Each structure stands twice: as structure tokens, then as C-alpha cells.
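A.B. asks: Okay, sequence plus prediction incoming.
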Amino acid sequence: MNAHESALLEDLNDPQREAVLHHGGPLLVLSGAGSGKTRVITRRVAYLVKVHEVFPWRILAVTFTNKAAREMRERLVQLLGRQANDLVVSTFHSSAAMILRREAEHVGLTRSFVIYDDGDQLNVVKRAMREAGLEQSMQPREILSRIDQEKNQARLPEDMEVEPGDERGLLVQRIYHAYQERLRAANAVDFGDLLLLLVTLFRKRPEVLENYRRRFHHVLVDEFQDTNPVQYALLKQLAPPPSANLVVVGDDDQSIYRWRGADVDNILNFPREYPGAKVVKLEQNYRSDRNILDAAYEVIRKNTRRMEKKLWSDRPAGQTLQLMLNRDERMEAQEVARQILALQREGFIKFSSMAVFYRVNAQSRVLEEALRLARVPYTLVSGRSFYDRAEVRDASAYLRLMVNPRSDADLLRIINTPARGIGDTTVERVVDHANTRNQSLYEVLAEPGLIPALNTTAVKRLRTFRGLLESLHVYAQGTTDAASAVDEMLRETKLVETLVAEGSDESTTRAENLREFLGAAQEFDLNRAAAAVAAASGPQVEVPPEVDAAPLSADTPPLQAFLEQISLVGDADAEVGEGRVALMTLHAAKGLEFDAVFLTGLEDGVFPHSRALKGEDPDNGEEMAEERRLCYVGFTRARKRLFVSLAQCRSLFGELRYNPPSRFLRDVPPKLFGISEQDIPEPPRPAPMAAPRKRTWDEDDGPRIDRSYSQASDMDGVSGDVRGMRVRHEQFGVGRIVAADGSGPNAKVTVEFGGAVGLKRVIARFLMPG
DNA sequence: GATTAACACCTTTTT
DNA sequence: GGTGTTAATC
């Protein structure tokens, strides 16, 4: 055994070592939470390279999230040094995008295709519906989600299985078809297409697939339990059964993306798809104290249809879990903040090793407020907030047009941003004209004079606008870095200028964001330059002539590469801040670990989510099983302390709701909370002021504006007789209520504001007592 | 054509 | 609480 070898096998337990050493053929690694699976994957890759002398470019390692890919890459750099540069380590979507770009012409795209996100997709669906005259038939959102589902199942419009007589299904199919045509015409793809088009291409053109099979002799997949049918199809193409070197690592108990088409059966049936696959179980947990592990097990064991395994640990039992019972969500948030400060003061746990989890993003607001008030530093770990801002998306739309002027969705987005006097009527006429001529908007705008019913000013403005796009497009073709393209675009479009001129606080922030966007482009260029240097100085190895060993993204032009990063990676800097508590959804928590974890909202209806509660048998449905797995994921993130919190009532979606404690809590034996069966405490009663308001106008109990629940400055509802009351409106100033009607959040009142304003009927919640 | 107020409607998780 | 749509007004 040489030095490399022993170093790479160091401190691995038996099954881990078995997985690293496994030689040839398919391998399934069932890895429980905290059992060291990333270590297994990275060591295995390093072992292949160093001991078996596999060329790094022969190895493809796919993960599900960008975070995971980044971490894996970092660890591999530590193990392999610059040899790691030649590995392909990326998400399904990134690697598919890179391959698709190389093969674009086979699928009716050009290499400069752009990637549409959710919002763009919805616009395309809406336009497809409008053109087909089917606007009122179904919700565009629903159509889109059904299209996405079809794509997840690897089905093109013609592959859809529609029962005869299924009107809605037929409608979806029709629009799906029109939608795809529009994407192709715009030289654009959506997320689903990245995978689906590639699978289709490989199916139709085996010789193209062959090139990649010849190259990638080793394929490794992380979080395999979350793969959906298209992803699995792609894997099977690249690493065909029965004998390819395909290593899949995952944990069926942590499958939490069923709603996005992920199929647990992929992992459950893997041994059948790849007969002879070796199966290794990693059951030793190195992360959590035993009390936490036991609690997690009690929750997950209720699921039927799982691969039986039980994590064990030689760690101490540790402290018991702590149950936090709160009156409402505000108290919950305060208590979380208080406990965080206490833990920090004890000195053992730093802010940066604590996290607060919640089921839905809507829960984060109250938590943030409380943490801010308590001066607890925190970071909100949410996917891609920066690139979701309107102004940043406008800027990206311009950039995408610079690369690909045919992108109608982008053109429509910015045709009047900043305002240049091109209104809805004009746009509609341009769109109609483009539809009849079957051309892109950009093409049609080359000769705006031909568009019917336009007046001369409109034609002139369109001409100027088209001129702008044209010169940007030309500029982009000559540019060698992303930042100069962004810079040029910001100058020419006057996006920043317009915002600055507006002068409001909000527009100033937006202008700042655009400057930050430029900064992101500069940073991107720097990283790219560094990567190029590293690649050039890497060891030159002999490559068999029939194999293409070039990096997948080899000659993507810089602006395009930057755009790809924006769409697929998002805000790479949104890592958990130093010295800050992390706030995130349970889904975002997968793959992370913290000394102390706060799991909030353990109430039936919140977690498990209300959607999982309805149905015939809410305790055994697939949705409930998934909620349970989500709970398991949440629990097993904690190393030493697990706080589980609920609120007896919480206002969600504008309404006050009383939810029973989560059924998951009943699965945890009380002794793990350090309490006995009898003294399971009652949550504190809601304060009298928090009583649900059910009053109507008939109950005359004196003038009163009910703002019991929210401390907000607005009037949530109106009750009692408020006539004569003084109120203030942001626009109209101070006045007196003369009449009122309705109740609840949309109650209206008529107010005499006096002066020039006079009588106005306004929604009560826009008023403040004044 | 732009701007604003009113109002309807939705709200799980995200590559 | 946000977002998109409509109607009214400049």
C-alpha cells in the first residue's frame, strides 16, 4: 500500500472503506444522515485518480444543489490539488446545460440559447394561451406546473398520456406544444428542457451519446433519492445498466422532492435496475447526540416502504430535546431569540453554529423581526434573492438580448424599461404583427414602418429602441469579458441613471443593486481568469484521439457563461454568513449541520403542511410520508441541541388559526424531552386580547378599532361603531368616518377628509387612527 | 401613455 | 403579504 492509498483510506469505517475501494460496476451507497457520505464520494474520486490512475476528465460527479457541488469541489481540490480542475463536478442542470450548449445545433438551438426561469416561463405560457384564444380556460400557473411535471417525467407534448375525453389534459397538451414552439423560436430553454432535450437527443442520436460514454467512465451521483425520471433516464444513458461504473449515494429517508417529480422508487429499485450492484449501508452517525438520533428514528420509523436501517452512534446521549410551547408566532420568535442568546452566552455554541428552520418561507418574517430586535446577527438562507429583484432581472434581460436578440420574453420585459413611451397598445400591435409573420419581435422591429396601425411617434420610438438593442448585440460579440458588457449595457440603457434621477429611497437602493450586479460580473471575470490559468498549467496528459476530454464549458463566451451562472447557480455568495445564525426552510437545510437547531411551527397544518393533512388516510399518504421525511431531515441536522417549537395560534394568510400540536411530536417519547408522560405541559392560553375577532357591525359595543393582533400601523378590520372616529390616510390626510360597511380585512369606510379631498370610500386597513 | 388606487387572488418546498 | 389586473385620472 503506497502513501496515497493509506492517506485516502485513513479514518474510514469498514463500510465507508468498502465503498471507496469498490472496483468496477454499479454501487449503491445507502447513507444515513451524518454518516459521512460526502467523505465517501470525495475519497472515492480521489482514490480513482490517485490509485487507479483514472484521468480526472473521465469522472463525472453530479449533485442536486449548487451548494453541494461547490463543497464537493472544494474538498476534491484539497485531496487532488490542481488535478481536480479536470473533474466535472456540477449539478444535473449545469452539466446538462454545458453538454446541450455543445450540441445545440442538434436540437434546434444555437449555442447562444438562453435559459428561462419560472417567471419567463409563465409569460410564455400566457402568451401561448392568448394566441390560441384560450385565455380564460385554465389558470396559467396550473398549466405551467403540469408542463413542468410532464418534463420531469421525460415526456414531450406528443408523449403525454391523455385519456380521451380529458378536456383539461388535451388543453395542457395543446398549450405545452405551443409553449415549446415559442421557446424554440426564441432560442430559449427552460429548466426542464435542459434535461429533457438532452435525453431526447441522446435517444435519437446514439452517436452523440457515444461520445460522452466514451469519455465518462465513472459517474457518481449524490442525493440519489431526489432524482426524477428525466434525471434517472440521463444517468442510465450515460452509465447504462447492467455493468457501468455508476455510483449512487443517497438515503431514501431523506427524499423530500416528490412534488418536483423526484421518485423514491429510483433508489428503492436501483438493485433491480442494475442487477449485481453492490449495496453498502452507512449506518454509523458521527453527527448527532443519541437523544436527537433516537427522536429522529421514532419519527421516521412510522413510514412504511423504506429500506430498513437504523443509525447508531457511539456519541453520548447528550442533552434532551427541548420543547418550546408558545402562545403565538410572535412569542415563538421571541423565545427562539432568547434561547439563542442564552446558548451563546453560555459560550459553547457560536451564532454561526446555530440555525432556525421553518416549513414555509412565510414564517421567516416574524423570526427576522424578533432576531433583529434581540440584536442577534442572522442570515436568511434563501435560494436566489438577489437575482430575483426586478431591476436585476431587467438588467439580465438586456444581457440575454445582447447574446440572443430573438428572446421575445426578455424583449417584452424591457421594451418600456426604463420608460421610453412605448405603451401597451403599441406593444400589442408589434406582437400581433410578429405572430402573423411568424417572426421574432426583434426581427419585426427591424422595419417598424411595416407594422399596421402605428402612428409615426410609435414607429420612431421603436426604431430607436431597436437601434439600442442592435448596438448592444454588436458590442457583445466583440467583448472578451462579462463586466465590460454589463458596463456598456448599463450606460447605454441608462438603467442606473433613470433610477438615480428618480431620487426616492427605493430607487437609490435599486441603483445600488445594479452596481452590485456589475460587481458580480467583475468577480465572475476574475474567477474565470484564475480558472483558465489553473487549467493551462495543469498536467498535460495523453488523451486517446477518439475522446473529447476538453472541459465541458470550454469555449463558452464570457457573457454567456455569466448568464448561465446567474440562471443556474444564482447567488453564489449567499453562503451562511460568518458569525451569524442561519434562517432557512427545511428543504434548504438538507445536507447541512449545526450544533443547535431550532425547528419552529410544529403544528398540524404548518408542519406537517395542511396539504398533507387532507385526503383519505392522512397518516399513510405519500405526502404525509414526505413531511415525515422532512421532519427527519430537520432533526438530524442537529449535533448537540434540538429545540422544537410550536405556537398555539398563529396568524397565517391574514387569518388567525389555532392549530393542534404536530403529530410528529407525539411520535417522540416524552423522556427524550426530559419529561414524563403525565406532565406534558399545555401551551400557554392565548391572551384575552388575542381572542379571534368575530364581531360584526350589529354588535354595538362602542367605538373601537380592533387591532388587537397586529401591532402594525394599519387597521386590520373594523368592529364596533366607528362613526365619528378620527382617522388618517397616507394620501388624503386626516378625516372623520361617516359610514362603514363590510368586515374583515376588506371592510370599507366612507371618510370625510374635508378640504379639496371631500368624501372618499376607502379600505379600512389603509387607515390609521389619527 | 403614465400613474395610482382599489381590489381580487393566492400562498410548500426550488434546480 | 405580495403580485397582477382593472379603472380612474392626469
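C.D. replies: Done, it's in. For clarity, every value in this text was computed on a predicted model and none was experimentally measured.
A.B. asks: Which residue, other than its chain neighbours, is closest to residue A:389?
C.D. replies: Excluding its sequence neighbours, the residue lying closest to residue A:389 (C-beta to C-beta, 6 or more residues apart in numbering) is residue A:513, at 5.8 Å. Glycine gets a C-beta too; all of them are placed from N, C-alpha and C.
A.B. asks: Please name every helix or strand in contact with the host helix or strand of the one you found.
C.D. replies: Taking DSSP states H and E as the criterion, residue A:513 maps to helix A:505-537. Counting contacts by 3 or more C-beta pairs under 8 Å, 6 or more residues apart in numbering; DSSP states H and E, helix A:505-537 packs against helix A:390-403, helix A:482-493, helix A:495-502, helix A:558-568.
A.B. asks: Next, the buried residues of that helix.
C.D. replies: Neighbour counts over helix A:505-537 (16 or more other C-beta atoms under 10 Å) mark A:507, A:510-511, A:513-514, A:517-518, A:520-521, A:524-525, A:528 as buried.
A.B. asks: anything in that helix near DNA strand C?
C.D. replies: No. Helix A:505-537 lies out of reach of DNA strand C by C-beta under 7 Å from any atom of the strand, never closer than 12.0 Å.
A.B. asks: rewinding a little: same list (the helices and strands packed on helix A:505-537) but as JSON lines, adding distance to residue A:302, mean pLDDT and mean neighbour count.
C.D. replies: Shown next, in JSON lines, are the helices and strands packed on helix A:505-537 (distance: least, C-beta to C-beta, whole Å; pLDDT from 0 to 100; neighbours: other C-beta atoms under 10 Å):
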{"stretch": "helix A:390-403", "distance to residue A:302": "43", "mean pLDDT": "90", "mean neighbour count": "22"}
{"stretch": "helix A:482-493", "distance to residue A:302": "51", "mean pLDDT": "94", "mean neighbour count": "20"}
{"stretch": "helix A:495-502", "distance to residue A:302": "54", "mean pLDDT": "85", "mean neighbour count": "17"}
{"stretch": "helix A:558-568", "distance to residue A:302": "37", "mean pLDDT": "90", "mean neighbour count": "22"}
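A.B. asks: Which of these sits closest to DNA strand C?
C.D. replies: The closest of the helices and strands packed on helix A:505-537 to DNA strand C is helix A:390-403. By C-beta to the nearest atom of the strand, the value is 7.6 Å.
A.B. asks: counting contacts, what elements does that closest one pack onto?
C.D. replies: With contacts taken as 3+ C-beta pairs under 8 Å, 6+ apart, helix A:390-403 sits against helix A:385-388, helix A:408-414, helix A:456-478, helix A:482-493, helix A:495-502, helix A:505-537, helix A:558-568.
A.B. asks: could you dump the helices and strands packed on helix A:505-537 to CSV with distance to DNA strand B?
C.D. replies: Shown next, in CSV, are those (distance: least, C-beta to the nearest atom of the strand, whole Å):
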stretch, distance to DNA strand B
helix A:390-403, 14
helix A:482-493, 15
helix A:495-502, 9
helix A:558-568, 6
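A.B. asks: I'd say residue A:621 and residue A:612 touch.
C.D. replies: Yes. Residue A:621 lies in contact with residue A:612 (C-beta atoms under 8 Å); the separation is 6.8 Å.
A.B. asks: Between the two, which is the more surrounded one?
C.D. replies: The neighbour count for residue A:621 versus residue A:612, taken as other C-beta atoms under 10 Å, is higher for residue A:612 (21 against 15).
A.B. asks: any idea how far residue A:605 is from that one?
C.D. replies: Residue A:612 sits 10 Å away from residue A:605, going by C-beta to C-beta, to the nearest Å.
A.B. asks: can you check residue A:212 too?
C.D. replies: Using C-beta to C-beta, residue A:212 is found at 47 Å from residue A:605.
A.B. asks: Same question for residue A:432.
C.D. replies: For residue A:432, the distance to residue A:605 equals 47 Å [C-beta to C-beta].
A.B. asks: higher neighbour count, these two?
C.D. replies: Between residue A:432 and residue A:605, counted using other C-beta under 10 Å, residue A:605 has the larger neighbour count: 19 against 15.
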